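The sequence and its predicted three-dimensional model are supplied below.
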Amino acid sequence: MTSSEKYLGFIKDLPAGVKLVAVSKTKTEEEIMQVYDAGQRLFGENKVQELVRKYEKLPRDIEWHLIGHLQTNKVKYVAPFVGMIHSADSLKLLKSINKEARKNDRIIKCLLQFHIAEEDTKFGLSREEVEEILNSEEYKKFENIEVCGVMGMATFTEDMEHVRREFISLKAIFEWLRKDFFAAQTQFKEISMGMSDDYHIAIEEGSTMIRVGSAIFGDRNY
C-alpha cells in the first residue's frame, strides 16, 4: 500500500476536530509529495536543518510544525516560516522565539511541552516550572508568541493503560492552564498528544492534534 493510500484510509477515520500532523522526518520530498497530493497540508519535522531544506523545496502552502526539541540558537532558521512550535519547554526558548518572531514581523504559535513520561530522555516542563514562567514579568512582555496549548509524549511502553494515565495527566494540565492562565484567550485550545502507536487512546482522552509518521509513511529511513 502506498503512502497516499495509507493516508486516505487514515484520514477517513479521524474524528472531526482532531488535526493530523503528518510526521515526515527522514522522508524524501517525493514521499511527502505523495501525501501532499492526496490532500494533506500539515507536516511535522523534528530537526531544524531537515525542516528548512524541505520548506525550501516543497510547495509553499504546506504548514510546517516543528515537533522536536529546539535549541535557542536555531530558532532564527525556522522563525520566518514555521506554523507552530510544539516544543516550547523553557522561558529561555520562549524568549528566543519571541525575539526572532519580532525580527520577522510575525507572531509564532507555540505549545508548552510537558514532561508526562517516566523516561528521563524526554524534554518538557513541570507544573511548577510553567507556573513560574507564566507568572514572570518577562513572559508577560512577549508580544510575538501565541501560546495555543500543550504538548506531551507518553512513555514508550506496550502498557496502554500506563500511556492512557499520562494522556489524562496532560489533559488535566491543559484544563488547569486554561482556567487559571488563559481563560480569556480563545486560541488556547490545542492538546498535541498521540503518535502512531497510541493516537487512538490520545483521541479518547482529548487530543486535538496527533503527530503520526510511520502509520502513514511506513518505517523511517535512516
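Cool, got the structure. Numbering: from 1, shown residues only.

Need the residue closest to the centroid of the chain.
His86 (3.4 Å; Cα atoms, centre = their mean).

For it, list the residues it contacts.
Residues in contact with His86 (Cβ atoms under 8 Å, 6 or more residues apart in numbering) are Gly44, His65, Leu66, Ile67, Cys110, Leu111, Gln113, Met151, Ser192, Arg211. For the C-beta atoms, the positions are set from N, CA and C on the backbone; glycine is no exception.

Which two among the residues you listed are spaced furthest apart?
For these, the maximum inter-member distance is 15.3 Å, found between Cys110 and Arg211 (Cβ to Cβ).

okay, now Phe10: neighbour count?
19 (other Cβ atoms under 10 Å).

That one reaches Ser214, doesn't it?
No: counting by Cβ atoms under 8 Å, Phe10 does not reach Ser214; the two are 11.3 Å apart.

State which helix of the chain is the longest.
When the chain is parsed with DSSP state H, its longest helix is helix 160-180.

Follow the chain on from that helix and name the next helix or strand.
Using DSSP states H and E, the helix or strand that directly follows helix 160-180 along the chain is strand 190-192.

just to revisit the earlier point, between the contacts of His86, which sits nearest Ala16?
Nearest member of the contacts of His86 to Ala16, counting by Cβ to Cβ, is Ser192, at 17.3 Å.

And the contacts of the helix or strand harbouring Ile203?
Using DSSP H and E, Ile203 maps to helix 199-204. If you take Cβ under 8 Å, 6+ apart as the criterion, helix 199-204 is touched by 15, 18, 154, 160, 163-164, 167, 193-195, 207, 210, 212, 215.
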